[in-house]
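structure here, sequence nowhere to be found:
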């Protein structure tokens, strides 16, 4: 996507222009004359869009557009629409694919040359083949997303707490919160059955917030028991998805939950993966420093499986590294693995 500025009276698109993009009005007003719409002329205001989403290659727009005032437009290309459609919520993906196909059909029916029709027909067959292959998966994703939403509403998720033992003292130092789904029909489900789809549909965000809130509530109970038995203080560790890190306001959300539950944030450890550091290092650094300054402990999970190096990690406020099991499993038989774990 990119932005363009147009002056009052400037023509934005014509019938002679290649029709491979859409325009979102960010500011200003655009007058559109449409040769195929039931409404032949209309005004497009901020937050609305115009243009053809998915017309065939080498086809022309069937609309003309002129700026009624100085305007700022966001240009979205056909390839960007297809890319975002593939990564979107299942319902949105189905809608975009349907709408783009209708745009193709409309262009071919009204303005396509024989060669363009031939190209479109070939492309449509390829899309239909791919669509058939993905249709069952998309429907399943949509159904499971609805189930996940209901699961949150009906308190079907539970956290199981796996103890973390101190090898030096032999005592329970903390717990890792592991989510399970108490499905009303399928029984207790591990994350294997739903986390991937939760991430694909962005349901991982509200689910992740629920996990964080439950951990904040539970860590107080653990430490009351520890104090009564004169045991060391307990921490609770939870995993934070890379998708959660991409949501604006994630840090503030965690802060608000922490304040609401009155948790001692130094007893909460947030486990992140190397992908969070690599995808947008500057943004990750800022967010991690905010979390660290608030008092959370930050753990880098599965260290050694990705791209991070010790020289790179000093840029981030990481408190602990969790060595990937591929090293710990082999350390008794492989000297290099043993040295890595020992270091």
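Structure received. Keep in mind that what you see is a predicted model, and the values were worked out from it rather than measured. Numbering: from 1, shown residues only.

what about residue 32, helix or strand, and which?
Here residue 32 sits within strand 30-34, counting by DSSP states H and E.

what are the ranges of the helices in the stretch 51-200 of the chain?
78-86, 90-111, 114-153, 195-200 (DSSP state H, counting those that start in this stretch).

comparing those by mean pLDDT, which bottoms out?
Among the helices of the stretch 51-200 of the chain, helix 90-111 carries the lowest mean pLDDT, at a mean of 61.

how far away is the residue lying closest to residue 145 once chain neighbours are set aside from residue 221?
With sequence-adjacent residues excluded and distances taken as Cβ to Cβ, 6 or more residues apart in numbering, residue 145 is closest to residue 201, at 4.4 Å. (Glycine included, C-beta is placed from N, CA and C.) Here the criterion is Cβ to Cβ, to the nearest Å. By it, residue 201 lies 32 Å from residue 221.

if you skip the residues just before and after it, what's nearest to residue 190?
Residue 190 sits nearest to residue 180 (Cβ to Cβ, 6+ apart), 6.4 Å away.

any idea how far that neighbour is from residue 163?
In terms of Cβ to Cβ, residue 180 sits 16 Å off from residue 163.

ok, those two, which is more surrounded?
residue 180 (16 against 11; other Cβ atoms under 10 Å).

list the beta-bridge partners for that one.
Here residue 180 sits in beta bridges with residue 158, as judged by DSSP bridges.

tell me the contacts of it?
Applying Cβ atoms under 8 Å, 6 or more residues apart in numbering, we find residue 180 in contact with 157, 158, 159, 160, 188, 189, 190, 191.

state the pLDDT value of it.
96.

and residue 291, by the same measure?
Looking at residue 291, the pLDDT reads 94.

would you confirm that it contacts residue 254?
Yes: applying Cβ atoms under 8 Å as the test, residue 291 and residue 254 come out as touching, 7.0 Å apart.

tell me which of those two has more neighbours.
Set side by side, residue 291 and residue 254 show more neighbours around residue 254, with 25 against 22, by other Cβ under 10 Å.

immediately after the helix or strand harbouring the more buried one, which helix or strand?
Counting by DSSP H and E, the element that carries residue 254 is helix 250-261. Per DSSP H and E, the first helix or strand lying C-terminal to helix 250-261 is strand 268-272.

on that earlier part again, closest to residue 267 out of the contacts of residue 180?
residue 159 (15.2 Å; Cβ to Cβ).

ok but residue 298 is inside a strand, no?
Yes: according to DSSP: H, G, I helix; E, B strand; the rest coil, the state of residue 298 is that of a strand.

OK, contacts around it?
Residue 298 touches 269, 270, 272, 288, 291, 292, 316, 317, 318, 319, 320, counting by Cβ under 8 Å, 6+ apart.

same thing but 6 Å
By Cβ atoms under 6 Å, 6 or more residues apart in numbering, residue 298 lies in contact with 270, 288, 292, 318, 319.

likewise residue 244?
Contacts of residue 244 (Cβ under 6 Å, 6+ apart): 205, 208, 250.

helix or strand: which one has it?
Short version, using DSSP H and E: residue 244 is in helix 242-245.

if we can go back for a sec, check which residues of the helix holding residue 254 are buried.
250, 251, 253, 254, 255, 257, 258, 261 (16 or more other Cβ atoms under 10 Å).

next, the angle strand 268-272 makes with it.
Angle, helix 250-261 to strand 268-272, by axes from the mean of the first three to the mean of the last three Cα atoms, to 10 degrees: 160 degrees.

which other helices and strands does helix 250-261 contact?
helix 204-228, helix 281-294 (3 or more Cβ pairs under 6 Å, 6 or more residues apart in numbering; DSSP states H and E).

averaged pLDDT, it. What do you get?
On average, helix 250-261 scores 94.

on that earlier part again, just give me the closest of the contacts of residue 298 to residue 69.
Relative to residue 69, and with distances defined as Cβ to Cβ, the nearest of the contacts of residue 298 is residue 288, at 43.6 Å.

and that closest one, what is it in contact with?
Per Cβ under 6 Å, 6+ apart, neighbours of residue 288: 298, 316, 317.
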